[in-house]
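In: got a predicted model here, sequence first, then my questions.
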Amino acid sequence: MNLLRLAEVKVILFVVLSLAGLEVGARLFEVRLSKDVRHIRSLPEAAASLKAAPAERLKVLILGNSLSRDGLDKEILKTGLTRLTGREVELVAMYPDGTSINQWYYGYRRYFDQTGALPDLVLLGSARLHVLDNRFEPDRLAAFYTSVADMPQLLGQQEGDVEAISKVLLARVSMSFAHRTRVQPLVFYNLIPGYTETSQTIGVVREEMAPAVPKADMPPETCEMLTELLKTLNEGHVHALLLAIPMTKPYTMPDCALASAAAAQVPVIVAGESLYQRADYFYDGYHLGPEGSAEYTRLLIEKISQTPGALPPFSR
């Protein structure tokens, strides 16, 4: 009996030490997992540089995802804004891959609004889907974007879903859990032969077998999180522009996004509407490449110059 109990203790101790080792490793080496993680962990430094910039500079924050990262030429943007305002530009960015309005709302509040690192101008770059309330990852939000002060709001949005609430709390305290979606592919791709091809095949089959949802049964498009973000910006006296980043097909912003922007008196800037006709501008069939980015940014600066109230006054 004593030997059995000793064996149980050893197993439990092994599991605990293994989990602790994973947690330490996740925290020590997380920035090596991807450039996206490095970018997220650099946001406090970016916010600090914005906060420390001289008052006479135009403090600009690019807020978005990889569409903004690849779609905006920073040097052309800075030169153009300096020409329009007569002010040197301090430019920082928050544009993690695969993010949308939920991450932008909580991330802006955590890294910029609640730290006092308020920009003069926010360039909110998006395509149609990214401003809608339909892409929600509560555990990712809790781990990387939500401040302690905003945790009650995030938990409340789970509407009593025990599984979602559990993921939020676990991701908040455990980086090994928060990074599981990044670690799993790295392990499987390297250790399991044919994993890449098999996983892609499974994804295609799932899409083909998924039942089509009739349009009549689809929930209405809503933009409540966009409204909350623009409200936060207005309360901080931060000027904002909503940018429709060019895609390979023409699109319009959702009606709810246009309504939210109008209510907050935020101009919606649509530039480069014909760039979709230039397939060579999109290096991967989705993101603008260097040539397309340069052309779009030049057109954006021109459109901003033609839009009354698009730029903030000298002081907030």
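Out: Okay, I see it. Numbering: from 1, shown residues only.

In: buried residues in stretch 80-92?
Out: Residues of stretch 80-92 classed as buried by neighbour count (16 or more other Cβ atoms under 10 Å): 80, 81, 85, 87, 89, 90, 91, 92. (Glycine included, C-beta is placed from N, CA and C.)

In: residue 163 and residue 219, how far apart?
Out: The gap separating residue 163 from residue 219 is 20 Å, by Cβ to Cβ, to the nearest Å.

In: I figured residue 120 hits residue 59, correct?
Out: Yes: with contact defined as Cβ atoms under 8 Å, residue 120 counts as touching residue 59 (4.6 Å).

In: what do those two both touch?
Out: By Cβ atoms under 8 Å, 6 or more residues apart in numbering, residue 120 and residue 59 have no common neighbours.

In: in CSV: the buried residues of stretch 80-92, plus secondary structure and pLDDT.
Out: What follows is the buried residues of stretch 80-92, written out as CSV (DSSP: H, G, I helix; E, B strand; the rest coil; pLDDT from 0 to 100):
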residue, secondary structure, pLDDT
80, helix, 97
81, helix, 97
85, helix, 95
87, coil, 95
89, strand, 97
90, strand, 97
91, strand, 98
92, strand, 98
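
In: and the residues you listed, which is closest to residue 248?
Out: Among the buried residues of stretch 80-92, residue 80 lies closest to residue 248 (Cβ to Cβ), at 24.7 Å.

In: give the closest residue to that closest one in space, chain neighbours not counted.
Out: residue 301 (3.3 Å; Cβ to Cβ, 6 or more residues apart in numbering).

In: now residue 92
Out: Leaving aside its chain neighbours, residue 92 sits nearest to residue 46 (4.2 Å; criterion: Cβ to Cβ, 6+ apart).

In: repeat that for residue 249.
Out: Leaving aside its chain neighbours, residue 249 sits nearest to residue 276 (5.8 Å; criterion: Cβ to Cβ, 6+ apart).

In: if I look at that neighbour, how far off is residue 244?
Out: Going from residue 276 to residue 244 by Cβ to Cβ gives 12 Å.

In: between those two, tell me which one has more neighbours.
Out: Neighbour totals were compared for residue 276 and residue 244, and residue 244 leads with 21 against 15 (other Cβ atoms under 10 Å).

In: surely the residue nearest to residue 249 touches residue 245?
Out: No: if you go by Cβ under 8 Å, residue 276 and residue 245 don't touch, sitting 11.2 Å apart.

In: and the residue nearest to residue 80, how many neighbours?
Out: If you count neighbours by other Cβ under 10 Å, residue 301 ends up with 19.

In: make JSON lines out of the buried residues of stretch 80-92 and add distance to residue 52.
Out: Compiled in JSON lines, the buried residues of stretch 80-92 are given as follows (distance: Cβ to Cβ, whole Å):
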{"residue": "80", "distance to residue 52": "24"}
{"residue": "81", "distance to residue 52": "19"}
{"residue": "85", "distance to residue 52": "20"}
{"residue": "87", "distance to residue 52": "16"}
{"residue": "89", "distance to residue 52": "15"}
{"residue": "90", "distance to residue 52": "9"}
{"residue": "91", "distance to residue 52": "14"}
{"residue": "92", "distance to residue 52": "11"}
